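**Student:** Provided below are the primary sequence and the corresponding predicted coordinates.
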Amino acid sequence: MWIVGADFYGKVDRIPGICHVRTRFLHVMFFPFVPTGSYLIHEWTAKRTSAAAPSISASDNFLIAEGEAAAQGAPTFRIGLSLKSIAFGWWRALLVVAILVCWSGALEAVFEPKRRANDKDVAIAWEMAGFGFVMCGVYALTIPLGKPRSRRREWLMRLVAEQIPPDLVEELGDNNFASSAGNSESAEERA
């Protein structure tokens, strides 16, 4: 049975407590294939709950899985396609597949029931498991690489500036947010 549908991948440009960018992909077996749109997802209204599991419905030989952008009540704002989010979505999916292949290959080399493992099989298993751990490290590196640079951060802050309550701005104590909000107001006054 095939699982197809749409879900969100490629979480990048996260500004903690305020927003992040994700891209909605059409997927097959939860592997993202076709990006359909990128969204700015607000974190400041979402209660600290995890995103809901995708809703699944059956259709002939397929299961259709539809994912939610964020926790219930978190507003989303469609933006243009984010190439960074698309690249990170595909890259992270490929890394997960590579990790699973390495570790399952390592287990098979050692525990294959039809023959007894020899020293060469154990050495191959250690190499494959080690490469799987290296891929985990590469995946972990995508998290800091996915942070927004200063210009992108300012642009994202301007997008949410009108929607963030003033008391939250004070609570967050984010100087960049205050300057971004001020810059957008002064630009409007000049026009």
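**Tutor:** Thanks, I have the structure now.

**Student:** rest of the way, CA atoms for contacts and neighbours
**Tutor:** OK.

**Student:** Spell out the secondary structure type for R24.
**Tutor:** Following DSSP: H, G, I helix; E, B strand; the rest coil, we place R24 in the strand state.

**Student:** which ones are touching it?
**Tutor:** Neighbouring residues of R24 by Cα atoms under 8 Å, 6 or more residues apart in numbering: A6, D7, F8, Y9, P35, T36, G37, S38, Y39.

**Student:** name the helices or strands packed onto the helix or strand hosting the last one?
**Tutor:** Here Y39 is covered by strand 31-42, with elements defined by DSSP states H and E. Taking 3 or more Cα pairs under 8 Å, 6 or more residues apart in numbering; DSSP states H and E as the contact definition, the neighbouring helices and strands of strand 31-42 are strand 19-28, strand 76-79, helix 83-111.

**Student:** buried sites along the shortest one?
**Tutor:** It refers to strand 76-79. Applying a neighbour-count criterion of 16 or more other Cα atoms under 10 Å, the buried positions in strand 76-79 are T76.

**Student:** If you count contacts, what does that strand end up packed against?
**Tutor:** Of the remaining helices and strands, those touching strand 76-79 by 3+ Cα pairs under 8 Å, 6+ apart are strand 31-42.

**Student:** Pull out the buried residues from the strand it packs on.
**Tutor:** Within strand 31-42, the residues that qualify as buried are F31, P32, F33, P35, G37, S38, Y39, L40, I41, H42, counting by 16+ other Cα under 10 Å.

**Student:** The second one is in contact with W90, isn't it?
**Tutor:** Think P32. Yes - with contact defined as Cα atoms under 8 Å, P32 reaches W90; the gap is 6.5 Å.

**Student:** remind me, longest strand of the protein?
**Tutor:** For the chain, the longest strand by residue count, based on DSSP state E, is strand 2-15.

**Student:** Return the mean pLDDT over that strand, rounded to an integer.
**Tutor:** Along strand 2-15, the predicted local confidence has a mean pLDDT of 90.

**Student:** name the helices or strands packed onto that strand?
**Tutor:** strand 19-28, strand 62-66, helix 83-111, helix 150-160.

**Student:** what comes up buried for that strand?
**Tutor:** The neighbour-count criterion (16+ other Cα under 10 Å) identifies 3-15 as the buried residues of strand 2-15.

**Student:** Convert the C-alpha atoms of it to PDB, please.
**Tutor:** Coordinates of each C-alpha in strand 2-15 appear next as PDB, following Å, rounded to 0.1, in the frame of the first residue of the first chain:
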ATOM      1  CA  TRP A   2       1.300   3.400  -1.000                       C
ATOM      2  CA  ILE A   3       1.000   6.500   1.200                       C
ATOM      3  CA  VAL A   4       0.700   9.700  -0.800                       C
ATOM      4  CA  GLY A   5      -0.400  13.200   0.200                       C
ATOM      5  CA  ALA A   6       0.900  16.600   1.100                       C
ATOM      6  CA  ASP A   7       2.900  17.600   4.200                       C
ATOM      7  CA  PHE A   8       5.300  20.200   5.400                       C
ATOM      8  CA  TYR A   9       9.100  19.700   5.200                       C
ATOM      9  CA  GLY A  10      12.200  21.900   5.100                       C
ATOM     10  CA  LYS A  11      11.800  24.000   8.300                       C
ATOM     11  CA  VAL A  12      14.300  26.900   8.000                       C
ATOM     12  CA  ASP A  13      14.700  30.500   9.000                       C
ATOM     13  CA  ARG A  14      13.400  30.000  12.500                       C
ATOM     14  CA  ILE A  15      13.200  33.000  14.700                       C
END
